[in-house]
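Asker: need a 3D model of the following:
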Amino acid sequence: MSSYYPVFLNLSGRRCVVVGGGLVALRKVQTLLQCGATVEVVSPEVCTGLEELATRRKINIVLRKYRHGDIGGAFLAISATGDTVVNTKVAQEAEQRGVPVNVVDNREFSSFIVPSYLRRGDVTIAVSTAGRSPALARRIRTRLEKDIGVEYAALAEIVDEVRSEIKKKGMEIGTEDWQDAMDVDSMIELLKKGEREKAKNLLLKNLKSPGDKQPEE
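Answerer: As a prediction, this is how the structure comes out:
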């Protein structure tokens, strides 16, 4: 089986269609909303959670059975009906229209799969087993959650701030120089103590533009 290409999609403002109205569909919808997607749900019946989202005008619900054409113009589609016939039809339409589709618990019908992931601010770590064992992916993610704390969100913010400051000064820092300068362990320990400025200053101290470096002998 071919390997999956790992990618992070920008769904902000993009129309995503979820076919299905149960709890699994609800979880998929909630994740899409967290990413800023414009979500449309197609299902003859929907769970309370989806009804509440529609009442709050967070999503649009088409209260009927799926029809061919429902995913036309969608950026991506998810089928979470539990009905093999419907899931197959959604997958076929997606293939015809060139719309990426995920059929829950059926990787053969899916053009993409959703990994297990953890998020710390702008830091997102995804784990996949190519659909072979979602339970294993979740277990690995759980292990990572113990080591990757909220401090990593602050660390990403600091690095972004420093990059902006350096850019304004017209300094050029190479990729390897950034790697060498990021003493992640020390910075994380400082952030755990609430010493954000010290963590930032440590990074600034470690960073040197090529012109500041001593030439190699």
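
Asker: name the residues of stretch 119-130 that are buried.
Answerer: 120, 123, 125, 127-129 (16 or more other C-beta atoms under 10 Å). Yep, even glycine has a C-beta here, placed from its N, CA and C like the rest.

Asker: out of those residues, the closest to Gln179 would be?
Answerer: Nearest to Gln179 among the buried residues of stretch 119-130: Val123, at 16.6 Å, using C-beta to C-beta.

Asker: so the closest one sits against Ile158, correct?
Answerer: No: checked against C-beta atoms under 8 Å, the pair Val123 and Ile158 is beyond contact range at 11.9 Å.

Asker: pLDDT weak spots in this structure?
Answerer: For the chain, residues meeting the criterion pLDDT under 70 lie at 1-2, 209-217.

Asker: so where do the helices sit in it?
Answerer: Here the chain has its helices, by DSSP state H, at 23-34, 48-55, 84-97, 134-147, 151-168, 175-181, 184-192, 196-206.

Asker: for the first one, packing partners?
Answerer: When you say that, I think you mean helix 23-34. Applying 3 or more C-beta pairs under 8 Å, 6 or more residues apart in numbering; DSSP states H and E, we find helix 23-34 packed against strand 15-19, strand 38-42, helix 48-55, strand 76-79.

Asker: angle of it against strand 38-42?
Answerer: Angle between the axes of helix 23-34 and strand 38-42 is 160 degrees (criterion: axes from the mean of the first three to the mean of the last three C-alpha atoms, to 10 degrees).

Asker: who's in contact with helix 23-34?
Answerer: Identification of contacts with helix 23-34 by C-beta atoms under 8 Å, 6 or more residues apart in numbering yields 11, 16, 18-19, 39, 41, 43, 46-47, 49-50, 53, 58-59, 78, 80-82, 104, 114.

Asker: could you rerun that using 10 Å?
Answerer: Outside of helix 23-34, the residues within contact range by C-beta atoms under 10 Å, 6 or more residues apart in numbering are 11, 14, 16-21, 37-43, 46-53, 58-59, 61, 76, 78-82, 102, 104-105, 114, 117, 119.

Asker: for the fourth one, same thing?
Answerer: Taking C-beta under 10 Å, 6+ apart as the criterion, the residues outside helix 134-147 that touch it are 105, 113-118, 120, 125-131, 133, 148, 188.

Asker: thinking again about what came up before, closest one to Phe109 among the helices of the chain?
Answerer: Relative to Phe109, the nearest member of those by C-beta to C-beta is helix 84-97, separated by 4.0 Å.

Asker: buried stuff in the closest one?
Answerer: So, applying 16+ other C-beta under 10 Å, buried residues of helix 84-97: 86-87, 89-91, 93-94.

Asker: can I get the CA coordinates of that helix in PDB?
Answerer: What follows is helix 84-97 as a C-alpha-only set of coordinates in PDB (Å, rounded to 0.1, in the frame of the first residue of the first chain):
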ATOM      1  CA  THR A  84     -22.100   1.400   3.600                       C
ATOM      2  CA  VAL A  85     -24.300   2.300   0.600                       C
ATOM      3  CA  VAL A  86     -24.400   6.000   1.400                       C
ATOM      4  CA  ASN A  87     -20.600   6.100   2.200                       C
ATOM      5  CA  THR A  88     -19.900   4.400  -1.100                       C
ATOM      6  CA  LYS A  89     -22.000   6.900  -3.000                       C
ATOM      7  CA  VAL A  90     -20.300   9.800  -1.300                       C
ATOM      8  CA  ALA A  91     -16.800   8.400  -2.100                       C
ATOM      9  CA  GLN A  92     -17.800   7.900  -5.700                       C
ATOM     10  CA  GLU A  93     -19.000  11.400  -6.100                       C
ATOM     11  CA  ALA A  94     -15.900  12.800  -4.400                       C
ATOM     12  CA  GLU A  95     -13.800  10.800  -6.800                       C
ATOM     13  CA  GLN A  96     -15.700  12.200  -9.800                       C
ATOM     14  CA  ARG A  97     -15.500  15.800  -8.600                       C
END
